[in-house]
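Novice: Predicted model follows, preceded by the sequence.
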Amino acid sequence: MQQKKEKRFINIRTIPYLMVLPSISVIVIFMFYPIFKTFYNSFHHYILTRPKDYGFVGLDNYVKLFSDPLFYKSLNNTIIWTFFNVFFQCILGLWVALLMNTEFKGRKFYRMIVFSPWAFGGMLVALIFSYMFTGQTGVINDLLMKSGLIHERISWFSTGSLARGTLIFTTTWRGIPFFAVSFLAALQSIPGDYYEAADVDGANKIYQFWRITLPLIKNTLILTTLLRTIWTFNIVDIIAGMTDGGPNNSTMTLPHYLMTKFNEGLDIGYSSTMAAVMALILAVFAGIYVAAGGFGKEGDL
């Protein structure tokens, strides 16, 4: 009788592990194995069109990558692209969330309009905005000329600074809903008693924002900016659809450069090396950012 109970107890203890085993298997197969394979390939000479030349080359791919001037230019473009995108999306998303958190007529319709950009695919957004920013027939130039802000049409993709600004404007428009939804959920979780007490004490709206709102949505702010930084860092579709890295590689980012190099030579070894370096950059950034931001710690009121 005692042996049966002991056997049953062991079976009960193993049930939770058996229940999560399918999920763990999926994660290992579709996430950890590709990551391992990417790092493994980065140490090999592996070109799809030359399978007989496959072999271990050590750090040769990394030496080749770090001696490539376009890699550093792409890295610099990626940092600029990611920083300004996340900065503008975060600021505007918070502003939109604050507006949506107040009572006014037509708020539901306003929310629907605000969230709609998130429903569009990247290539579709790139196509629409490419037509809008076309130099001769684009609606942007037409509106600016009719309003008197410019007197001649601007070729938005002719210089690096204009092309980068156009891409950042496009991606910011598409990314605002993510921040707006996240911040709105966080704002609605703040008890109204805090603001009522602050009103009684005579605190103005600006003081309440800095001393109540921001500390209580700090975790949401850190998590959303981290996620959006990773996503923006890896964006390819909008850049490929609007500028294809031009002019003169001024909008070439690391993910787009990786895609371009792979399409040119089908070099899996070199492409895996670039992907591995990108993964390490993001991992280091995420660790430092979360630690410095104090994620998970309650803000002081």
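Specialist: Looks like it came in fine. Residues are numbered from 1 along each chain as shown.
Novice: any idea which helix or strand carries the most centrally placed residue in the chain?
Specialist: In the chain, the C-alpha nearest the mean C-alpha coordinate belongs to Trp231, at 2.2 Å (C-alpha atoms, centre = their mean). Using DSSP states H and E, Trp231 falls within helix 218-233.
Novice: Just the buried positions in that helix, please.
Specialist: With burial defined by 16 or more other C-beta atoms under 10 Å, the residues of helix 218-233 counted as buried are 218-226, 228-229, 232-233. Heads up, the C-betas are built off the backbone N, CA and C, glycines and all.
Novice: next one: stretch 237-250
Specialist: Ile238, Ile239, Ala240, Gly241, Met242, Thr243, Gly245, Asn249, Ser250.
Novice: Once you drop chain neighbours, what's closest to the third one?
Specialist: Translated: Ala240. Leaving aside its chain neighbours, Ala240 sits nearest to His256 (6.2 Å; criterion: C-beta to C-beta, 6 or more residues apart in numbering).
Novice: confidence score at the one you found?
Specialist: In the predicted model, His256 carries a pLDDT score of 94.
Novice: residue contacts, Leu65?
Specialist: Phe71, Tyr270, Thr273, Met274, Val277 (C-beta atoms under 8 Å, 6 or more residues apart in numbering).
Novice: ok, now which ones touch the fourth one?
Specialist: Taking C-beta under 8 Å, 6+ apart as the contact definition, Met274 lies against Leu65, Phe71, Leu254, Tyr257, Leu258, Lys261.
Novice: and what of the last one?
Specialist: Residues touching Val277, when contacts are defined by C-beta under 8 Å, 6+ apart, comprise Tyr62, Leu65.
Novice: Look up how far Cys90 lies from the residue nearest to the centre of the chain.
Specialist: 13 Å (C-beta to C-beta, to the nearest Å).
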